[in-house]
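Visitor: Need a 3D model of the following:
(2 chains)
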Amino acid sequence: MTTMQPAKPHDLLPVGNRNAGSREKVTAARIRRPFRGTRWTGWLFALPALAFYGVFSFRPVLMSIQYSFYDWDGVGASTWVGLDNYVEVFTDPEQISSLAHAFYLILFFTVLPVGLALLTASVLRDLRGRFTGAVARTLLFLPQIIPGAAAGVAWTWMYSDNGVVNQVLRAVGLGSLARSWLADFSWSLTAVGFIGTWLSTGLCTMLLLAGIGRIDGSLYEAARIDGAGPLRQFRAVTLPGLRNEIGVCVTITIIAALASFDVVYLSTQGGPGTQTMVPGVAVYNLAFNDSRLGAASALAVVLSLIVIAVIAPLQRLFREK
Amino acid sequence: MPAQTMSRRAPGVILIAGAALYSVVPLLSMVSAALSPQGTFPSGLSWPTDPQWHNFVDAWNVANITTLLRSSTLIVLGVVPAAVLISTMAAYAIVILKIPLGRVFYTVLVLTLTLPYEIVIVPLYEQNKEMGLLGSQWSLILPLIGLNMPFAIFWMRAHFANVPRELTEAAGIDGAGSWRALVHIHLPLARPAIASLCLLMFLSTWNQFLLALVLIDDPEQRTMAGALQAFTTKYSTDQVLLNAGALLIMTPTIIVFLFLQRHFVKALLQGAVKG
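Guide: This is a model prediction of the structure:
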């Protein structure tokens, strides 16, 4: 076996244990378990993973939930405040708006990239495997490789007074629109959003391109014989065939949008005012600038619940029929 | 190429050219700024008449790239081999050895797979403080190993689940113990899965920002991405050095990517769940 067996896209994310059990249960009953006598000693293999996961991942999640019910500055005594921190998440205008911003960013991190990628991938179906394709693949993928923080620096420069965005606007005679985009109260969040578009479009394009490559060519032929034009072919063959891949794109990029930190932190720090404040940056500020560990934890817990609440139904929606 | 094919291909070529251009313009504009004379205000995307290559040397020195490279490398070497090793062992125990309660363990792992890092930063900070790790690279290495477990075990489980059962049975019949079966039969087969996992983890560790920022005060002990924050604060007004420094900081990943491009794309397509 030269190619690895990848996680199938629809397997990429949780949602229970999806029919994993059935096959193995049957075989366990029928065939003798290998390595008899190693049942419990087999845990020796899993123990290091369990220890690291327990101490540095699972326990912190539980601690976060615990902190969220306290008022605590990290140094002095902590006071039980019940749901006060949660009430604050949903009443403090700054925290509410940070959550609203996160949802707005989905438009730029997810909707736009998936749309663009669908367009690119379906037009490019014929170009697969060619030299231009190979070069383009490398270039398109670059944004995915660099640290998000570095993307923040790159785009801060693109958006600055004498950056490329304004340069292009002036070159095409729209100089009157030029501005300091990231400092502009009405445009900053959208400007940050487009950084997200830049970051995720490449990954989505590659994923969808790979998916299109797996669609049976005879389906297109049959559609053509039935007289379907490119648009009909797209709707009848491409879209259904890419169901799983679209699901993976949407899932990955929505998580990136909701939990964004590095891009926003390095480009705007949430400003101007709180125009680009996102939950990630707000959690960081609450914890490490305001020393309000309980409030930070409550916001982090809410953010996590939102991620799960948004992702879980999507998994169902995009699951293979 | 027949004219008809040409005209059919043209929109595609134009589209892909546009998309590729869009991908690289921000990087090119950094290069053009980085090559402008220091102390000037560079403008947009323009090839400087007298490119100041020396800016990169200066940026290398002021951003302490040598130290950062060493620190990032240390962190990656601390995280990736350990995380890959212990996650492979765990997945092997769960799938092949079918350890009791293994399924419960796996379910818990998968349930935490999509949780954002924001939910662990405060407790990790406190926990590292108690353990006296705060500020050293260990404070990043140990948590990253733990935080990588859900995805890594998920990844390796997918591999082991596809290994033919007969192979394991044959090993058992031949009298191989569970350790020997892992080392001599399963590891060689798992090599492609392990290689992809290594690449993904290298990328996410090297580019780690939030945790590096929180857990390590001294920027020079962080990952390169994490150190970028201190550098931008220091040189926020100096576009030339700032861009030169940021470019240097992203160069190592780009170089590794260019060399292993095919594998990177494959690995990322197969499973970039967590950034």
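Visitor: which non-adjacent residue is nearest the closest residue to chain B within the stretch 1-150 of chain A?
Guide: With C-beta to the nearest C-beta as the measure, A:F56 is the residue of the stretch 1-150 of chain A nearest to chain B, at 2.8 Å. Glycine gets a C-beta too; all of them are placed from N, C-alpha and C. With sequence-adjacent residues excluded and distances taken as C-beta to C-beta, 6 or more residues apart in numbering or on different chains, A:F56 is closest to B:G146, at 2.8 Å.
Visitor: other SSEs contacting the helix or strand containing the one you found?
Guide: Assigned by DSSP states H and E, B:G146 falls within helix B:138-161. On a contact count with 3 or more C-beta pairs under 8 Å, 6 or more residues apart in numbering or on different chains; DSSP states H and E, helix B:138-161 meets helix A:43-53, helix B:65-95, helix B:102-111, helix B:118-130, helix B:187-206, helix B:210-215.
Visitor: angle of it against helix B:102-111?
Guide: Using axes from the mean of the first three to the mean of the last three C-alpha atoms, to 10 degrees, the direction of helix B:138-161 lies 120 degrees away from that of helix B:102-111.
Visitor: from memory the residue of the stretch 1-150 of chain A closest to chain B sits against B:N128, does it?
Guide: No - in this structure, A:F56 is not within contact of B:N128 by C-beta atoms under 8 Å, at 9.3 Å.
Visitor: Overlap of the contact sets of these two?
Guide: Shared contacts of A:F56 and B:N128 (C-beta atoms under 8 Å, 6 or more residues apart in numbering or on different chains): B:P143.
Visitor: tell me, how many neighbours does the residue in the stretch 101-250 of chain B that chain A sits nearest to end up with?
Guide: Going by C-beta to the nearest C-beta, chain A is nearest to B:G146 of the stretch 101-250 of chain B, at 2.8 Å. Using other C-beta atoms under 10 Å in any protein chain shown, B:G146 has 24 neighbouring residues.
Visitor: Tell me if stretch A:96-115 is near chain B.
Guide: No - Stretch A:96-115 stays clear of chain B (C-beta under 8 Å from any C-beta of the partner chain), getting no nearer than 10.5 Å.
Visitor: Buried ones in that stretch, by neighbour count?
Guide: Neighbour-count burial for stretch A:96-115, counted by 16 or more other C-beta atoms under 10 Å in any protein chain shown, picks out A:97-99, A:101-102, A:104-106, A:108-110, A:112-114.
Visitor: Show residues contacting it.
Guide: A:89-90, A:189-190, A:192-194, A:196-197, A:199-201, A:203-204, A:246, A:249-250, A:253-254, A:256-258, A:260, A:270, A:274, A:276-279, A:281-282, A:299, A:302-303, A:306.
Visitor: List only buried entries from those residues.
Guide: Applying 16+ other C-beta under 10 Å to the contacts of stretch A:96-115 flags A:89, A:189-190, A:192-194, A:196-197, A:199-201, A:203-204, A:246, A:249-250, A:253-254, A:256-258, A:260, A:270, A:274, A:276-279, A:281-282, A:299, A:302-303, A:306 as buried.
Visitor: From these, list the ones also adjacent to chain B.
Guide: Within the buried ones among the contacts of stretch A:96-115, those near chain B by C-beta under 8 Å from any C-beta are A:T201, A:L203, A:A256, A:L258, A:P279, A:L299, A:L303.
Visitor: Hmm, A:I252 and the second one touching each other?
Guide: Yes - counting by C-beta under 8 Å, A:L203 does reach A:I252; the two are 7.2 Å apart.
Visitor: quick revisit: which residues does the residue of the stretch 101-250 of chain B closest to chain A contact?
Guide: Each residue near B:G146 by C-beta under 8 Å, 6+ apart is listed here: A:F52, A:Y53, A:G54, A:V55, A:F56, A:S57.
Visitor: Can I have the buried ones of those as a PyMOL selection?
Guide: Remark: buried members of the contacts of B:G146, expressed as a PyMOL selection using 16+ other C-beta under 10 Å:
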select buried, chain A and resi 52+53+55+56+57
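Visitor: wait, what's in contact with A:R214?
Guide: A:G241.
Visitor: Please name the nearest non-neighbouring residue to B:A246.
Guide: Of all residues beyond its chain neighbours, the one nearest B:A246 is A:V153 (4.2 Å), with distances taken as C-beta to C-beta, 6+ apart.
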